[in-house]
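Asker: Okay, sequence plus prediction incoming.
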Amino acid sequence: MKRLCLILCLAAAAPAHADVAEAVRDHALPGLTRFATATAALAAETTCDAAPLQARWNDAFDAWLGIAHLRLGPVEEEGRALAIAFWPDPKGIGARQTEALRRAADPAVLAPASMAEQSVALRGLFGLERLLYAEAAPQGYDCDLIHALSRDLARMAAETRAGWQDGFAAALLHPGPGGRYLTETETRQALLTALITGLEFNADTRIGRPLGTFDTPRPERAEARASGRSARNIALSLAALRDLAARLHQPIPQTEAAFDRAIAQAGAVDLARLAEPQMWLKADILAQSIRAARDAALAELAPALGAGVGFNAADGD
């Protein structure tokens, strides 16, 4: 940890690394710490009362949205990103696997080593949502399963943060022969790709999937629909992406203005009401505004960073 602090301080003093250093120091690392802290608090809950568990779970989901776009490095190792948030799940695999696990009620599955080997579709934030927002209050095996899933989520969050602190942050800050990134351009491209891919995921997946068509909206496809936080997820994601963009380069007036418009619009969208023509139009306009933020970021950031957009692990989701 001391070594990482020294690296960050030295990088912050070097203008050639300023864009990546600030993104790592002031965006990624604090966000990873918030996620690890929030999931640890969820895992520390011993109650089976849904209300406090839901509150802790929402805190953890909020924190995840601050870093969910950083689909690079430790979060992609061992399938952590999918295990943390397996969505979309168009075939309902997670729900079926969760129900099968509940019917079997095997206590051996709840052990940390066993839970870590379970399908990514039944774990993480969405596995917890299915149990915490079920019609019946959790009890018995369901309660034990919630605690086991919470501990598993906290473990993955802690491992992801540790991976950044113990090497990945330094790899971004000090590219070169033998490293994960060979040049500063590659590190800038990696972060720019995370930004652009995050915007596209909001427009094309978080909004596009439930939006469907004007005549056939699909509100049941919205992310985190059971917990009623679909629009909140979009707003929090956009706020985090705006912060990343601002850390990568300044000034970016067109990009920040485009983000501000989209974030303001997100507050008026309710994806559960897409059957209403006016709400469908508001959601469609929001998706267009998010794509406008993407275009602005490409126009302002890509030339300033001397980087383009490359492959991202979220591509194709």
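Answerer: Received, thanks.
Asker: Please look at Lys282 and Ala268 and confirm they touch.
Answerer: Yes - with contact defined as CB atoms under 8 Å, Lys282 counts as touching Ala268 (5.8 Å). In this view, the C-beta of every residue, glycine as well, is placed from N, C-alpha and C.
Asker: Between these two, point out the one with more neighbours.
Answerer: Lys282 (18 against 12; other CB atoms under 10 Å).
Asker: wait, what's in contact with that one?
Answerer: Applying CB atoms under 8 Å, 6 or more residues apart in numbering to Lys282 gives the contacts Gln265, Ala268, Val269.
Asker: can you give me the helices in the stretch 101-250 of the chain?
Answerer: Listed in chain order, the helices of the stretch 101-250 of the chain (DSSP state H, counting those that start in this stretch) span residues 112-115, 124-132, 141-163, 169-173, 184-201, 208-211, 230-248.
Asker: Can I get the helix or strand following the last one in CSV? Just the C-alpha atoms.
Answerer: Toward the C-terminus, helix 230-248 is succeeded by helix 253-266 as the next helix or strand (DSSP states H and E). The C-alpha coordinates for helix 253-266 follow below in CSV (Å, rounded to 0.1, in the frame of the first residue of the first chain):
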residue,chain,number,x,y,z
PRO,A,253,-17.1,21.8,-22.0
GLN,A,254,-19.2,20.1,-24.7
THR,A,255,-18.8,16.7,-23.0
GLU,A,256,-19.7,18.0,-19.5
ALA,A,257,-22.7,19.9,-20.9
ALA,A,258,-23.9,16.7,-22.7
PHE,A,259,-23.6,14.7,-19.5
ASP,A,260,-25.5,17.3,-17.5
ARG,A,261,-28.4,17.2,-20.0
ALA,A,262,-28.6,13.4,-19.8
ILE,A,263,-28.3,13.3,-16.0
ALA,A,264,-31.1,15.9,-15.7
GLN,A,265,-33.3,13.9,-18.1
ALA,A,266,-32.7,10.6,-16.3
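Asker: contacts for helix 253-266?
Answerer: Against helix 253-266 from outside (CB under 8 Å, 6+ apart): 231, 234-235, 238-239, 241-242, 245-246, 282, 285-286, 289-290, 292-293, 295-297, 299-301.
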